[in-house]
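Peer 1: Provided below for reference: sequence and predicted model.
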Amino acid sequence: MPHAVNCNHKKPSAVRWRLWWCALAALAAIPAVYCANRELLQTRLELDTRLIVEQRLWESDPGYAGTAQTWTRFAAWLLSSEQLLERMRVLQPAHAESIEEEYRRDAVLAYGGVIAQYFALWGAPFGIAYVIGFMLERRRVKPSA
């Protein structure tokens, strides 16, 4: 009776190559995540600023005596989007639902664009490198027929 051969095992060099590839991909993700986070924060600031200006949210603070621009600048940094939306609901109760829906739709599109951009910038080179490495590995280790 012939001895059964396990053809499903990987060569140590192939496993090592994939481990190095994963480690390098993880290390390269660190600056990509950092930059994406900064851009997401800037995007949130722009969305909140637009909401404040379009809905004139400085009018929700009757005790404020400064300019609208100053209130907008500080509120966009200090208040969360939920707090701004709550102020908008108080000022515009009749249109609050549609305004909030539009704001959330714009936020999803803006955040999705940033995330997709950074994922593509990080993932495309590593995907290409993986495919090239996989093809070289298959070429070097041809299965015997």
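Peer 2: Perfect, thanks for sending it. Residues are numbered from 1 along each chain as shown.

Peer 1: list the buried residues in stretch 66-78.
Peer 2: 71-72, 75-76 (16 or more other Cβ atoms under 10 Å). Placement of C-beta: from N, CA and C, glycine included.

Peer 1: try stretch 111-118
Peer 2: Within stretch 111-118, judged by 16+ other Cβ under 10 Å, the buried ones are 111, 114, 118.

Peer 1: between the residues you listed, which is nearest Trp17?
Peer 2: Tyr118 (25.8 Å; Cβ to Cβ).

Peer 1: my guess is the closest one meets Ala36, correct?
Peer 2: Yes - using Cβ atoms under 8 Å, Tyr118 is in contact with Ala36, at 3.9 Å.

Peer 1: shared neighbours of these two, which are they?
Peer 2: Residues touching both Tyr118 and Ala36 (Cβ atoms under 8 Å, 6 or more residues apart in numbering): none.

Peer 1: once you drop chain neighbours, what's closest to Trp71?
Peer 2: Trp58 (4.0 Å; Cβ to Cβ, 6 or more residues apart in numbering).

Peer 1: what about that neighbour, how many residues close to it?
Peer 2: The local packing of Trp58 (other Cβ atoms under 10 Å) involves 20 other residues.

Peer 1: mind telling me what element Gly133 is part of?
Peer 2: Take DSSP states H and E as the rule and Gly133 turns out to sit in helix 96-140.

Peer 1: tell me which other helices or strands that helix touches.
Peer 2: Using 3 or more Cβ pairs under 8 Å, 6 or more residues apart in numbering; DSSP states H and E, the elements in contact with helix 96-140 are helix 12-55, helix 81-91.

Peer 1: residue contacts, Glu102?
Peer 2: Counting by Cβ under 8 Å, 6+ apart, Glu102 touches no other residue.

Peer 1: need the residues that contact stretch 70-89.
Peer 2: Contacts for stretch 70-89 (Cβ under 8 Å, 6+ apart): 44-45, 47-49, 51-53, 55, 57-58, 60-61, 64, 96, 99-100, 103, 107.
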